[in-house]
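Asks: Okay, here's the prediction I keep looking at, along with the sequence it came from:
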Amino acid sequence: MEVRTRRPSHDDDPRHSPKPPGCGGPSVGRSRARHGGRARRGGTEIAGRRIRRDLRREGRRRAGRTLQVTFRAYNEGIAFCQTVPKQPGLDAVKIAREPVEFRFADDWPAWATYSWQGVYEKVPIGAIKPGCERPLVVELGAGAGRGGTRPSSPPGAGPCAAIGEAKLVDYARMKFEPLKGVPHAMSAGTGTSTMTSRMRRR
């Protein structure tokens, strides 16, 4: 995944990944869905009509296990969801690692913390240590720029990106750690070496 400063639109099509991350097999299915609704609070409309389009890819490992990855593009952000659907003979999943990467175009300032509800500190992306909590806010375009060829941006003048997580169901929470061998990039870690998630019967 690449984080860009351009605003995504509803028509963006995240088809750059030929197979779901960590699937280890080819993409065997693809579907689209369009959802509409209105954001309300206490019966009062607060955000107008909202429409989203889902792009779902399904991959299968050699052992025959299936992983679904759903992508969504909003006006102010992008999202993806990994789902292990109900499958015959699969009662538990051991999560050893999650090969999801977040690569940035420069060593921009970020606000990092390493404990639940901890104090955030402003550091370059390259200085983030393993175990960084989310949400992680990055000031896109701030700083001297690549190789000093771009003028510095005043603090708070440029756009920001927040990497977060939501709707965890029987799944390990995400923490960030440096991506080895890649500058100003991070990977998603579970915070522990392994975790076993029980599959709920639905």
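Replies: Arrived safely, thanks for sending.
Asks: From the recorded domain assignment, give the ranges for the protein.
Replies: The record's domain parsing of the chain by automatic domain parsing lists 1-90, 95-196.
Asks: Do I have it right that V182 meets R103?
Replies: Yes: counting by C-beta atoms under 8 Å, R103 is a contact partner of V182 at 6.6 Å. Using the backbone N, CA and C atoms, a C-beta is placed for each residue, glycine as well.
Asks: more crowded one of these two?
Replies: R103 (15 against 11; other C-beta atoms under 10 Å).
Asks: Where do the strands of this protein begin and end?
Replies: Remark: strands assigned in the chain by DSSP state E are 27-41, 44-60, 66-74, 77-83, 92-95, 101-103, 109-112, 121-124, 136-139, 160-163, 175-178, 185-189, 195-198.
Asks: Do me a favour and average the pLDDT over the first one.
Replies: The one in question is strand 27-41. Strand 27-41 shows a mean pLDDT of 54.
Asks: Kindly report the same for stretch 141-152.
Replies: Mean pLDDT, stretch 141-152: 48.
Asks: Same question for stretch 111-124.
Replies: Stretch 111-124 carries an average pLDDT of 93.
Asks: what residues does that stretch touch?
Replies: 107-110, 128-129, 131-133, 136-138, 143, 184 (C-beta atoms under 8 Å, 6 or more residues apart in numbering).
Asks: Can you select the buried ones from the residues you listed in ChimeraX?
Replies: ChimeraX command restricting those to the buried ones, with burial defined by 16 or more other C-beta atoms under 10 Å:
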select :107,108,109,110,128,132,133,136,137,138,143,184
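Asks: Throw the contacts of stretch 111-124 into JSON lines and include distance to A92, thanks.
Replies: Below are those laid out as JSON lines (distance: C-beta to C-beta, whole Å):
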{"residue": "D107", "distance to A92": "40"}
{"residue": "W108", "distance to A92": "39"}
{"residue": "P109", "distance to A92": "41"}
{"residue": "A110", "distance to A92": "35"}
{"residue": "I128", "distance to A92": "32"}
{"residue": "K129", "distance to A92": "31"}
{"residue": "G131", "distance to A92": "25"}
{"residue": "C132", "distance to A92": "28"}
{"residue": "E133", "distance to A92": "27"}
{"residue": "L136", "distance to A92": "30"}
{"residue": "V137", "distance to A92": "35"}
{"residue": "V138", "distance to A92": "35"}
{"residue": "G143", "distance to A92": "45"}
{"residue": "H184", "distance to A92": "36"}
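Asks: Identify the farthest-apart pair in the contacts of stretch 111-124.
Replies: Among these, the pair separated by the greatest distance (C-beta to C-beta) is G131 and G143, at 24.0 Å.
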